[in-house]
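Visitor: Quick one, fold the following:
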Amino acid sequence: MTASDARRAVEAVWRIESARLIAGLARVVRDVGLAEELAQDAMVSALEQWPGTGIPRNPGAWLMTAAKNRAVDQIRRSRNYQRKLAEIGRDQEQDHAPDAGSSVGDIDDDLLRLVFTACHPVLSTEAQVALTLRMLGGLSTDEIARAFLVAESTVAQRIVRAKKTLAKAGVPFEVPAEDERDARLASVLGVIYLIFNEGYSATAGDDWMRPALCADALRLARVLAGLMPREPEVHGLVALLEIQASRSRARIGPNGEPVLLLEQNRARWDQLLIRRGLAALEKAGGGPYSLQARIAACHARARTPEETDWTRIVGYYEALSLVAPSPIVDLNHAVATSMAFGPAVALELVDELVDEPALKGYHLLPSVRGDLLARLGRAAEARAEFERAATMTRNERERTLLLDRAAACG
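Guide: Below is the predicted model:
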């Protein structure tokens, strides 16, 4: 095996095994930062040894053993040598068995601990996202930086600070107690949702979508559903992401331009993802992600835009505004209202949001208002709104779309 072959193999194994590897190590050393360092050291060892020995039959177990051997070396220099060495020794007896590793239950527990640790509320949202993609997504610092269009040094600093913050705060590597779990789970779901949304509608840059981010978020959501099968809102998030992801191919035109929902070729929607989403929806509840999934399902079930049950969607948005009130929900409710009951009624709802502080600088507010004005025949006002929205977005594809819509107003 050549060095380049070994590197490709190690990178592929890392993307698949890194979350389990770091989670298993963190359970032993009780330090997420140290666990990642040990995992990285194991990867370097693989790059050095696999060209000569070939890929082991169980590469994940090989990496775990190499990382724990390095941990033993470090622990020998620490005060709690005997206690920690005994813990690692017991784990290594399992690792040296043929094709062995932790039991499925242990792996699941470790991954669940890692999910909740990476999304601990002591960290900022930006740090939670970076750490989640690094620890659970297996992404490099450079990949995260390119996905969110920030400097690699910025992402690196966020990750370093996050690990230091967790260590300084003495955050335990564990699933929180039941009385804390709901709040922490909301943070976990929110991070995965944010990652998907950034991939689905990029906030900045030259691309309308970043499909790799959508895929990473969907994979994390599926893992979480496997780890927490009794949580309805986890299934709600999975359902939402599956159904939203089903439209990906239809959302981009031949030249990379955005294609809006009502103009999409629905034959290009991925029916397998839709079926998966609808199956997950059967296990969902009445939380915010579940309600958004039910809205997405209304679109997925409609063979044409005209068959969309907009009245039902309006009802779901009204329920969503009670469960998770926000001005953005109100804006989306107005859009649904325009389709169900006409643009005049919806414009009144949108005008009530014009002075909403949370929507200041939010480009979709003038964009929606421009659309309603255009449908009412008020072309000059619509053009001004589209032009204003174009100055507010940081996504080049979206800016072009908005300017085209402004020009279409005459």
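
Visitor: Contact partners for Ala250?
Guide: Contact analysis of Ala250 by CB atoms under 8 Å, 6 or more residues apart in numbering lists Val259, Gln264, Asn265, Arg266, Arg268, Trp269. Just so you know, the C-beta spots here come from the backbone N, C-alpha and C atoms, and that holds for glycine as well.

Visitor: what's near enough to touch Thr400?
Guide: Residues in contact with Thr400 (CB under 8 Å, 6+ apart) are Glu257.

Visitor: Which strand or helix spans it?
Guide: Assigned by DSSP states H and E, Thr400 falls within helix 396-408.

Visitor: Mind listing what's buried along that helix?
Guide: Under the neighbour-count criterion of 16 or more other CB atoms under 10 Å, helix 396-408 has Arg397, Glu398, Arg399, Thr400, Leu401, Leu402, Arg405, Ala406 buried.

Visitor: The nearest residue to Ala183 once chain neighbours are set aside and Leu133: what is the separation?
Guide: Closest residue in space to Ala183, ignoring its immediate chain neighbours: Pro121 at 7.3 Å, by CB to CB, 6 or more residues apart in numbering. Applying CB to CB, to the nearest Å, the value for Pro121 to Leu133 is 18 Å.

Visitor: ok, then the element right after the longest helix seen in the chain?
Guide: Counting by DSSP state H, the longest helix found in the chain is helix 3-29. Counting by DSSP H and E, the next helix or strand C-terminal to helix 3-29 is helix 32-53.

Visitor: And the average pLDDT for that next one is what?
Guide: The average pLDDT for helix 32-53 rounds to 87.

Visitor: which helices and strands does it pack with?
Guide: Counting contacts by 3 or more CB pairs under 8 Å, 6 or more residues apart in numbering; DSSP states H and E, helix 32-53 is packed against helix 3-29, helix 59-75, helix 104-118, helix 125-135, helix 152-168.

Visitor: helix, strand or coil for Gly286?
Guide: Under DSSP: H, G, I helix; E, B strand; the rest coil, the three-state class of Gly286 is coil.

Visitor: Setting the sequence-adjacent residues aside, check what's closest to it.
Guide: Spatially, and ignoring its direct neighbours in sequence, Gly286 is nearest to Val323 (7.0 Å; CB to CB, 6+ apart).

Visitor: Tell me how many other residues crowd that neighbour.
Guide: As a burial measure, Val323 scores 13 neighbours (other CB atoms under 10 Å).

Visitor: quick one: Pro229 is in a strand?
Guide: No. Under three-state DSSP, Pro229 falls outside any strand and is assigned coil.

Visitor: Where does pLDDT dip in the protein?
Guide: Applying pLDDT under 70 to the chain picks out residues 1, 77-108.

Visitor: What residues does the spatially closest residue to Arg247 that is not a sequence neighbour make contact with?
Guide: In space, not counting the residues next to it along the chain, Arg247 is nearest to Trp269; the distance is 5.5 Å by CB to CB, 6+ apart. Applying CB under 8 Å, 6+ apart, we find Trp269 in contact with Ser246, Arg247, Arg249, Ala250, Ala300.

Visitor: what's the most distant pair in the residues you listed?
Guide: Using CB to CB, those span at most 14.1 Å, a distance reached by Arg249 and Ala300.

Visitor: quick one, phi/psi of the residue nearest to Ala151 when sequence neighbours are not counted?
Guide: Leaving out its chain neighbours, the residue that sits closest to Ala151 by CB to CB, 6+ apart is Ala145, at 6.3 Å. The phi/psi pair for Ala145 (degrees, to the nearest 10) reads phi -60, psi -40.

Visitor: Go ahead and confirm Ala145 touches Thr154.
Guide: Yes. Contact between Ala145 and Thr154 holds when scored by CB atoms under 8 Å: they sit 7.0 Å apart.
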